[in-house]
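what shape does this take:
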Amino acid sequence: MLSSDGKFYKTDCMTTEQLFRLIQSVPSPKAEPFKLWMAQVARERLDEIKDPEISINRALFNYRQLGYSESWINQRLKSMEIRKDLTDEWKKHGLQDGIQFATLTDIIYKTWAGKTAKEYKEFKGLKKENLRDNMTNQELVLNMLAELSTTDISKARNPQNFAEHADVARRGGTIAKEAREKLEAETGKKIVSPSNALGNDHLIDTKASVFDEDEESK
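Below is the predicted model of the structure:
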């Protein structure tokens with residue numbers, strides 16, 4: 001790897017999973033607090049798998065700790081439900097979680113917001129942070145409208161192949177795009193913003209999301 005002196009040196013590197021395995025193997029008593037913490041996190045994760053309501057309560061707690069308003073939190077949780085309805089609709093039609101979900105999500109974003117998920121995250125200065133956790137109220141509502149519309153149109157039109165699903169995604173995104181343009185015309189303000197729901201320009205890094213959101217994998 002490149003060093004500060006401009007030269008390349010062999011360097012020991014680890015993934016997060018490999019680092020946890022290393023901690024588990026350390027015989028020193030000094031590693032015991034880390035091992036206990038890892039065991040606690042694993043137990044909490046197993047509890048959440050058995051009872052999803054625990055995950056929802058954790059999400060509520062994390063968002064409140066970050067200073068989000070109750071109205072935004074309610075919208076955010078609703079957006080997770082709407083997202084899951086959409087991905088369930090895609091799964092019902094045999095689409096694959098991963099590249100196909102991400103591609104359709106990009107179409108929805110690009111249509112209503114003018115940016116793919118990657119471009120949207122770059123616009124907000126995000127790296128690993130969750131995009132939706134860094135949306136303003138208006139952005140979150142419009143994205144919910146786009147995904148809800150896509151789900152309803154898919155149920156009505158029953159697309160038979162990926163190209164038809166892509167067309168449905170554009171139609172759903174267009175509904176939110178038209179709403180965005182009308183609101184911008186009335187207020188004179190751009191909806192897609194580098195800021196977040198807290199009215200700050202700093203990034204919100206949270207793992208509070210209850211459901212996986214496929215665009216974050218890109």
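
and the least confident helix or strand in the chain by mean pLDDT, which residues are buried?
In the chain, the helix or strand scored least confidently by mean pLDDT, DSSP states H and E is helix 52-66, which has a mean of 79. Of the residues in helix 52-66, Ser55, Ala59, Leu60, Asn62, Tyr63, Leu66 count as buried by neighbour count, 16 or more other Cβ atoms under 10 Å. Where C-beta positions appear, they are placed from N, C-alpha and C, glycine not excepted.

next: stretch 3-15.
Applying a neighbour-count criterion of 16+ other Cβ under 10 Å, one finds nothing buried in stretch 3-15.

endpoint to endpoint, it covers what distance?
Stretch 3-15 has an end-to-end distance of 20 Å (Cα to Cα, to the nearest Å).

and for Lys91, the neighbour number?
For Lys91, the neighbour count with other Cβ atoms under 10 Å is 12.

and the nearest residue to it once chain neighbours are set aside, how many neighbours does it have?
Nearest non-adjacent residue to Lys91, counting by Cβ to Cβ, 6 or more residues apart in numbering: Asp97, 7.3 Å away. Asp97 has 13 neighbours, counted by other Cβ under 10 Å.

repeat for the one 3 residues further on
By other Cβ under 10 Å, 16 other residues sit near Gln100.

go on, the one 10 residues further on?
By the measure other Cβ under 10 Å, the count of residues near Lys110 is 18.

please parse this protein into its domains.
16-48, 70-217 (automatic domain parsing).

make a markdown table out of these and add distance to Phe8.
As requested, those are arranged in a markdown table below (distance: least, Cβ to Cβ, whole Å):
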| stretch | distance to Phe8 |
| --- | --- |
| domain 16-48 | 22 |
| domain 70-217 | 24 |
